[in-house]
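In: sequence and predicted model, in that order:
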Amino acid sequence: MLTPVIENIIVKYLNKEASPSELETLDFWLKDEAHLEIFKSYIKTNHLIDANVLKFDTDTSKKQLLELISKEKKVIRLKTFYRVSSYAAVLLVMLGIGYLFKDQLFVTNGEGSNPPINMVKSTIEIGTDKATLTLEDGSEVVLNKNTSYKTAYANSDGEALVYNDDDVDDESSAEPVYNVLTIPRGGQFFIQLADGTKVWLNSESQLKYPVAFAKGKTREVTLVYGEGYFEVSPSTNHNGDAFIVQSEMQTVEVLGTQFNIKAYKDESDIYTTLVEGKVMVNGAHDNTVLKPGQQSINSPNSSMVVVNADVNMETAWRQGLFSFKEKSLKDIMIVLSRWYDVDIAFANKDLEKIRFKGVLSKEQELEDILSTIKNLKVINAYEITKDAILIK
């Protein structure tokens with residue numbers, strides 16, 4: 001039986017407000033197999049879960065839950081959304097459900113989970129690793145999970161493109177040979193450049209780069225548009241040769257660091273977020289040096305702004321997540337439209353302004369996400385056609 005005391009602890013646990021002693025109590029209570037079933041039933045009935053609770057390995061699930069509770073006996077704040085407490089997250093994953101906080105959104109997809117109730121399956125597919133490689137002669141090669149590719153410069157297994165780690169001698173008369181990697185909507189891809197620099201490219205992005213870097217010259221690439229996470233090979237490994245990333249309105253000078261640049265064609269501002277190291281961001285009007293955890297916002301008609309950034313949120317896409325913090329429904333749908341390669345429009349423009357906090361898995365079915373938002377009573381309905389969605 002669920003007593004008022006235990007119910008209160010469960011509520012605190014789900015809201016990440018439970019104290020260490022309360023977690024100890026919950027830990028002890030869950031050692032009874034019947035209590036675990038009560039726990040599951042309570043979550044399903046009282047916490048806005050719209051999904052079928054699936055059968056799972058009770059012993060294994062309980063063991064995982066108890067281990068995580070025991071491991072994380074500390075106070076969890078309600079609004080720490082990116083680092084959702086692992087014992088709460090693992091339970092949701094094991095149940096294979098979408099879990100909602102009031103006016104906030106958290107969705108996770110369990111292994112082998114079924115679509116939520118009243119779902120209508122469509123042809124909209126989850127994004128995957130894919131890209132088009134344009135060679136120096138203008139010919140194009142399609143890269144995806146079903147292909148392999150190899151040249152004198154590089155090779156690909158369909159999920160990554162890796163260039164040979166050979167520098168070339170400085171020859172002033174020789175023109176560098178460039179390749180272009182284009183990531184379509186509904187895609188993502190990883191590339192390792194010839195100097196060892198690693199770049200993760202998000203949906204609807206394009207990178208131009210030399211197939212080899214000349215010794216004694218600045219290593220330079222261009223993020224033509226889109227979003228890329230750069231893990232730059234240090235200049236100390238290349239005789240002090242600096243590394244530069246060009247984009248439409250700015251230049252980022254690097255010595256050896258990790259950072260994220262977001263410069264989409266349909267967004268006027270460019271966002272550069274420094275994860276570690278040091279970069280100089282040169283804009284059209286001014287420049288700034290970023291420290292780890294800072295983000296520069298470069299606008300076409302105003303001075304550059306530097307703010308403190310949630311690095312985990314800004315780079316969550318590379319870990320297979322979408323992380324939103326006070327983002328409007330319009331902004332969220334723009335991100336989703338790129339990953340699922342679908343146009344999303346609003347029948348009621350007022351809906352575009354509604355804001356959410358939360359985390360979405362990039363492996364989540366889009367219909368699942370839309371159904372979750374609908375169940376919050378934020379939207380009345382959504383209509384899916386072959387390659388478009390209308391939010392009502």
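Out: Looks like it arrived, so ask away. Numbering: from 1, shown residues only.
In: sec struct for Ile389, please.
Out: strand (DSSP: H, G, I helix; E, B strand; the rest coil).
In: before we move on, what about Tyr225?
Out: Quick answer, by three-state DSSP: Tyr225 is strand.
In: got it, and His35?
Out: helix.
In: I'd assumed Asp27 was in contact with it.
Out: No: if you go by Cβ atoms under 8 Å, His35 and Asp27 don't touch, sitting 10.9 Å apart. For glycine as for every other residue, the C-beta is placed from the backbone atoms N, C-alpha and C.
In: just give me the neighbour total for the residue nearest to Gly186 when sequence neighbours are not counted.
Out: Excluding its sequence neighbours, the residue lying closest to Gly186 (Cβ to Cβ, 6 or more residues apart in numbering) is Asp341, at 3.2 Å. Using other Cβ atoms under 10 Å, Asp341 has 17 neighbouring residues.
In: and for the one 4 residues further on?
Out: The burial count assigned to Ala345 is 13, neighbours taken as other Cβ under 10 Å.
In: so what's the residue nearest to it when sequence neighbours are not counted up against?
Out: Distances taken as Cβ to Cβ, 6+ apart place Leu390 nearest to Ala345, at 5.5 Å, with adjacent residues excluded. Contact analysis of Leu390 by Cβ atoms under 8 Å, 6 or more residues apart in numbering lists 344-347, 382-383.
In: give me the most central residue, the protein.
Out: Taking Cα atoms, centre = their mean as the criterion, Trp317 is the residue nearest the geometric centre of the chain, at 1.4 Å.
In: touching, it and Gly226? I think so.
Out: No: the criterion here is Cβ under 8 Å, and Trp317 misses it with Gly226 at 11.3 Å.
In: what touches both of these two?
Out: With Cβ under 8 Å, 6+ apart as the test, Trp317 and Gly226 both reach Asn202.
In: list phi and psi for Val177.
Out: Here is the backbone geometry of Val177 (degrees, to the nearest 10): phi -100, psi 130.
In: what is the burial count for it?
Out: The burial count for Val177: 13, using other Cβ under 10 Å.
In: so it sits against Tyr209, correct?
Out: No: counting by Cβ under 8 Å, Val177 does not reach Tyr209; the two are 10.1 Å apart.
In: so where's the stretch 1-150 of the chain shaky on pLDDT?
Out: For the stretch 1-150 of the chain, applying pLDDT under 70 flags the ranges 1, 14-21, 24, 42-122.
In: quick check: bridge partners of the residue nearest to Ala345?
Out: Per DSSP bridges, the residues bridged to Leu390 are Ala345, Glu383.
In: show the pLDDT at it.
Out: pLDDT, Leu390: 94.
In: please apply the same query to Leu255.
Out: The model's pLDDT for Leu255 equals 72.
In: give me the nearest residue to it, chain neighbours excluded.
Out: Ser235 (5.1 Å).
In: still on that earlier bit, from Leu193, how far off is the residue nearest to Ala345?
Out: Remark: distance between Leu390 and Leu193 (Cβ to Cβ, to the nearest Å) = 41 Å.
In: list the buried ones in the helix or strand hosting Met280?
Out: Secondary structure from DSSP states H and E places Met280 in strand 279-283. Across strand 279-283, burial judged by 16 or more other Cβ atoms under 10 Å covers 279, 281-283.
In: equivalent analysis for stretch 281-293, please.
Out: Quick answer for stretch 281-293 (16+ other Cβ under 10 Å): 281-283, 288, 290, 292.
In: can I get these in CSV with distance to Asn260 and pLDDT?
Out: Below are these laid out as CSV (distance: Cβ to Cβ, whole Å; pLDDT from 0 to 100):
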residue, distance to Asn260, pLDDT
Val281, 12, 95
Asn282, 17, 92
Gly283, 17, 87
Thr288, 16, 92
Leu290, 11, 94
Pro292, 12, 93
